[in-house]
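S.K.: model the following, please.
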Amino acid sequence: MSSDTIVVADEGAHVRLIRLARPHARNALSRPLLRDLAAALAEAQRDETVRAVVITGDDVAFCAGADIKEMDDGGIPMWGQKDRMTAWKTIETFSKPLIAAVNGYALGGGCELAMLCDIVFLGANAKLGFPEVRIAAFPGDGGTQRAPRLIGKTRSMWMMMTGEQIDAETAVSWGFGVEVLPVERTLPRALETAARIAEMSPIAVAMIKQEVLMSFEKPLDESLSLERKLLLWQSEDHDEGIAAFKQKRKPVYKGR
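M.R.: Down below sits the predicted model:
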């Protein structure tokens with residue numbers, strides 16, 4: 001599905017690309033865009049042929065944050081609106097690999113969106129930040145909770161209390177991303193990585209994502225106990241992986 005706010009395309013047999021498409025607003029997260037993004041991810045979740053999803057913007061902006069024009073001067077703050085909260089929950093609970101190709105600005109909600117992705121590649125022109133304090137607000141879509149877990153308390157406090165932006169090299173050194181690339185290579189690198197992951201067993205990949213995310217939510221002893229239980233589980237893909245290794249051939253995983 002594509003719409004006025006996003007463009008969706010399949011890149012090969014198992015990779016889906018979602019491009020934020022509000023260039024006139026630096027891909028700001030309007031309510032329609034968030035709803036469309038959530039719907040596209042829900043569709044990718046249901047589609048068994050999709051094994052990895054890449055999200056990107058354009059060369060100027062991945063996403064410049066919330067659409068300030070939608071902010072009311074009274075009533076429920078925008079991040080507390082039901083449809084926005086529902087959309088963010090859909091993004092947060094997406095169980096397949098989610099990869100971000102970030103060029104240009106990733107600010108506020110755009111930075112929060114990137115943090116929800118499992119792997120992030122940054123273009124050399126990337127700028128990350130939480131500018132909300134400049135309009136007497138704060139990162140209300142999960143940034144105050146996820147950023148400290150990712151980059152630590154003091155760095156998060158500095159970014160959020162000053163509204164200062166960091167460049168791509170700093171972002172990678174702090175743990176926001178995996179690699180800094182020339183702008184023209186950011187999306188191809190993300191798609192290459194998605195294709196590589198799509199060759200693996202989707203069951204194993206989903207388990208890896210579940211287990212890693214669990215480390216942010218549960219005490220170590222509890223998560224290790226659950227991990228051991230999961231390791232007892234077997235699948236056809238596991239049997240195929242072992243057989244292919246013994247036969248010195250490339251495995252063919254079917255997600256069973």
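S.K.: what is the neighbour count of G57?
M.R.: By other C-beta atoms under 10 Å, 26 other residues sit near G57. (C-beta placed from N, C-alpha, C; glycine too.)
S.K.: now it: how far from G65?
M.R.: Look at G57 and G65: by C-beta to C-beta, to the nearest Å, they are 12 Å apart.
S.K.: repeat for P23
M.R.: P23 is 15 Å from G65, by C-beta to C-beta.
S.K.: next, count neighbours for I151.
M.R.: I151 has 20 neighbours, counted by other C-beta under 10 Å.
S.K.: oh sorry, the question was meant for D58
M.R.: The number of residues packed around D58, counting by other C-beta under 10 Å, is 16.
S.K.: do R19 as well
M.R.: Quick note: R19 (other C-beta under 10 Å) scores 17 neighbours.
S.K.: before we move on, which element is it in?
M.R.: strand 15-20 (DSSP states H and E).
S.K.: please identify the buried residues of the helix or strand that that strand is followed by?
M.R.: Proceeding N to C from strand 15-20, the next assigned helix or strand is helix 31-46, under DSSP H and E. Across helix 31-46, burial judged by 16 or more other C-beta atoms under 10 Å covers 31-42, 44.
S.K.: from those, pick the one nearest V8.
M.R.: Taking C-beta to C-beta as the measure, V8 sits nearest to A40 out of the buried residues of helix 31-46, at 5.3 Å.
S.K.: surely the closest one is in contact with I6?
M.R.: Yes - using C-beta atoms under 8 Å, A40 makes contact with I6 at a distance of 6.1 Å.
S.K.: now do the shared contacts for the two.
M.R.: Common neighbours of A40 and I6 (criterion: C-beta atoms under 8 Å, 6 or more residues apart in numbering): I18.
S.K.: can you list the strands that the strand holding R19 pairs with?
M.R.: In the sheet, strand 15-20 lines up against strand 6-10 (antiparallel), strand 52-56 (parallel) (DSSP bridges).
S.K.: what segments of this structure are strands?
M.R.: In the chain, the segments counted as strands under DSSP state E are 6-10, 15-20, 52-56, 61-63, 98-102, 105-107, 119-123, 127-129, 165-167, 179-181.
S.K.: turn those into a markdown table, including mean pLDDT.
M.R.: Below are those laid out as a markdown table (pLDDT from 0 to 100):
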| stretch | mean pLDDT |
| --- | --- |
| strand 6-10 | 97 |
| strand 15-20 | 98 |
| strand 52-56 | 98 |
| strand 61-63 | 98 |
| strand 98-102 | 98 |
| strand 105-107 | 98 |
| strand 119-123 | 98 |
| strand 127-129 | 98 |
| strand 165-167 | 98 |
| strand 179-181 | 98 |
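S.K.: how about those strands in JSON lines, adding distance to F138?
M.R.: Formatted as JSON lines, the strands of the chain follow (distance: least, C-beta to C-beta, whole Å):
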{"stretch": "strand 6-10", "distance to F138": "27"}
{"stretch": "strand 15-20", "distance to F138": "23"}
{"stretch": "strand 52-56", "distance to F138": "24"}
{"stretch": "strand 61-63", "distance to F138": "18"}
{"stretch": "strand 98-102", "distance to F138": "22"}
{"stretch": "strand 105-107", "distance to F138": "13"}
{"stretch": "strand 119-123", "distance to F138": "22"}
{"stretch": "strand 127-129", "distance to F138": "13"}
{"stretch": "strand 165-167", "distance to F138": "16"}
{"stretch": "strand 179-181", "distance to F138": "28"}
